[in-house]
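K.L.:
Sequence and predicted structure below; questions after.
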Protein chains: 2
Amino acid sequence: MPQAEPPRMRGKVRSARSIPSLHGLTEMAARERAYHDLRYRILTGRLAPGTTLLETELAGLLSLSRTPVREAVIKLEEEGLVEVRPRHGVTIKALSLQDFANILDTYSALEVRAYELVAARGLTPEQTRLLERMVEDMETATATGDIARWSDLDDEFHAEIVSLCGNQRLQTALNAFWGQQYRARMMILPLRPLPDESNAEHRAVLDALKLGDRDLTRERQNAHRDRADKQQLELLRRSLGSSGLA
Amino acid sequence: MPQAEPPRMRGKVRSARSIPSLHGLTEMAARERAYHDLRYRILTGRLAPGTTLLETELAGLLSLSRTPVREAVIKLEEEGLVEVRPRHGVTIKALSLQDFANILDTYSALEVRAYELVAARGLTPEQTRLLERMVEDMETATATGDIARWSDLDDEFHAEIVSLCGNQRLQTALNAFWGQQYRARMMILPLRPLPDESNAEHRAVLDALKLGDRDLTRERQNAHRDRADKQQLELLRRSLGSSGLA
DNA sequence: CTTCACACCAATGTATACATAAGCCGACCG
DNA sequence: CGGTCGGCTTATGTATACATTGGTGTGAAG
């Protein structure tokens, strides 16, 4: 899980983070194309959870041979997005409430550590300015009630900080888990209350980062994630009553 | 990185954790065989860091065709154990001091979270007994100066606790990072001082776990990892002066 | 009617064949 | 003598062919 994905994607479909636009997709190598294309379709719901496809069908879908598709599927399986059952094809994984909780737990543990590292390294003036501006933008979005935009900015904010941590392996692991929680996040997006608490917590965390205070950063970010995770779990619980599919 | 490796391996070569004995290796499917075989050779140093082999050579080495070998190599690359450079073959990665630090950082963040989860879930009497006995065994090994045995027990102790956390994704991620730090750990093994501090900390952590006190567990385990990680980094620094290869 | 067994089929896992493109070497030109 | 251009070699990436194995369906027996 660690260590992969050097190719930085541009483009923005939903989040700046890691859903590529599929824009320059034709010029990619076949395996990468298969991987990104399938990941995109899964994360955006174009391939719904529960869907099962044979390797041959996937290959047909992407107009490729089975070989690169298979390799892409292996990666997706390691990321936890699909399940392959040897004689039954690959199934797009549904997320149970428990799955979502597990993912958030792991993701948060990693993210808090990333923040700690950033605090220890310190912020440059430019980085500080950028992050402050993002916080302001989120507050603006909140004020105008644009939750979708807020969510995107939130992703960018977290991703921006994580990108400063200087630990590539940690970042790669974070990206994988981020991909897993993405669908559930999108699902509960419309249910979210105005994120005033998050905005305040972001400011608090940013202050701790600016101070370069590692312990304070850990404490605050940990609290932020804890609260946010619990809230999201609650929303998801309501939104699917523990049935399954995310 | 999350989510993989259901097949529980038996056998013990060095650690109970995740270096399979390669014992029933012949009856495995080719891809799995390639993966486990290569991983084994890398972790035990039979394939030294820096070694570069072509896909064809690997295939020959394992008496397989390139296809399953290639798939295994993809997994190993995602785990960060090898690097593939498109026209230059796959290279067994060396670990720099910085790499090792990054791995430990990530690993520790995950492990602490796993411990927290165990604390929250609570220990059964049997689990408590087992863990207490392991602590005692470690103390015995320390008393007799058997550092290698202590190290194995330490691995087992940590692995045992992690296995109780109830979060499969977290465990899988931990296993991947564990594999990465294994070589460096083995390398500095003979340099380690008597682990009296670790023994005391293990007791303290176990006490916190028995109390089911999540915050206390986090605090203590975090302190334990912090200290142990720093110590290991220092040993590694001494042992290779920042040259590279681990 | 239910259950067990056998045979057939098809999907995967593996091997191989082929195309592409990158590195390397040599030759030629400046 | 050095640098650059071009062709050749070869490793990889992809496609395809083949074998294996497990699942399913049918039929017969209890």
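P.N.:
Looks like it came in fine. Numbers count the residues shown, from 1 in each chain, chains lettered A, B, ... in the order given.

K.L.:
any idea how far the residue nearest to A:Leu43 when sequence neighbours are not counted lies from B:Ser108?
P.N.:
In space, and not counting its chain neighbours, A:Leu43 is closest to A:Tyr182: 5.1 Å by C-beta to C-beta, 6 or more residues apart in numbering or on different chains. (Glycine included, C-beta is placed from N, CA and C.) Noted for A:Tyr182: a distance of 26 Å to B:Ser108, by C-beta to C-beta, to the nearest Å.

K.L.:
same deal with A:Glu77?
P.N.:
Distance from A:Glu77 to B:Ser108, by C-beta to C-beta: 27 Å.

K.L.:
Also A:Ser163?
P.N.:
Distance, A:Ser163 to B:Ser108, using C-beta to C-beta: 21 Å.

K.L.:
out of the two, which sits in the busier spot?
P.N.:
Comparing A:Ser163 with B:Ser108 by other C-beta atoms under 10 Å in any protein chain shown, the one with more neighbours is B:Ser108, at 21 against 14.

K.L.:
relative to helix B:214-240, how tilted is the longest helix belonging to chain A?
P.N.:
For chain A, the longest helix by residue count, based on DSSP state H, is helix A:214-240. Relative orientation of helix A:214-240 and helix B:214-240, computed by axes from the mean of the first three to the mean of the last three C-alpha atoms, to 10 degrees: 130 degrees.

K.L.:
For the residue of chain A found nearest DNA strand C, give me its contacts.
P.N.:
Closest to DNA strand C within chain A is A:Glu55: 3.5 Å, counting by C-beta to the nearest atom of the strand. By C-beta atoms under 8 Å, 6 or more residues apart in numbering or on different chains, the contact set of A:Glu55 is A:66, A:69-70, A:73, A:89-90.

K.L.:
Same question for A:Glu139.
P.N.:
If a contact means C-beta under 8 Å, 6+ apart, then A:Glu139 has A:Asn199 as its contacts.

K.L.:
Which stretches in chain A count as helices?
P.N.:
Using DSSP H, the helices of chain A run over residues A:30-43, A:55-62, A:66-78, A:97-121, A:125-143, A:147-162, A:168-188, A:196-211, A:214-240.

K.L.:
Now tabulate those in CSV and tack on mean pLDDT.
P.N.:
Conversion of the helices of chain A to CSV gives the following (pLDDT from 0 to 100):
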stretch, mean pLDDT
helix A:30-43, 95
helix A:55-62, 97
helix A:66-78, 96
helix A:97-121, 97
helix A:125-143, 97
helix A:147-162, 95
helix A:168-188, 93
helix A:196-211, 98
helix A:214-240, 96
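
K.L.:
now for those helices, which one comes closest to B:Met28?
P.N.:
Nearest to B:Met28, of all those, is helix A:66-78, at 16.5 Å by C-beta to C-beta.

K.L.:
Check which residues of the closest one are buried.
P.N.:
Neighbour counts over helix A:66-78 (16 or more other C-beta atoms under 10 Å in any protein chain shown) mark A:67-78 as buried.

K.L.:
Which one of the residues you listed is nearest to A:Ala29?
P.N.:
Distance to A:Ala29 across these (C-beta to C-beta) is lowest for A:Pro68, with 7.8 Å.

K.L.:
quick one: contacts for that closest one?
P.N.:
A:29-31, A:33-34.

K.L.:
any idea how far chain B is from the residue most central in space within chain A?
P.N.:
In chain A, the residue lying closest to the centroid (C-alpha atoms, centre = their mean) is A:Trp178, at 2.6 Å. Distance from A:Trp178 to chain B, counting by C-beta to the nearest C-beta, to the nearest Å: 11 Å.

K.L.:
How many residues are close by the residue nearest to A:Leu43?
P.N.:
Number of residues near A:Tyr182 (other C-beta under 10 Å) recorded here: 23.
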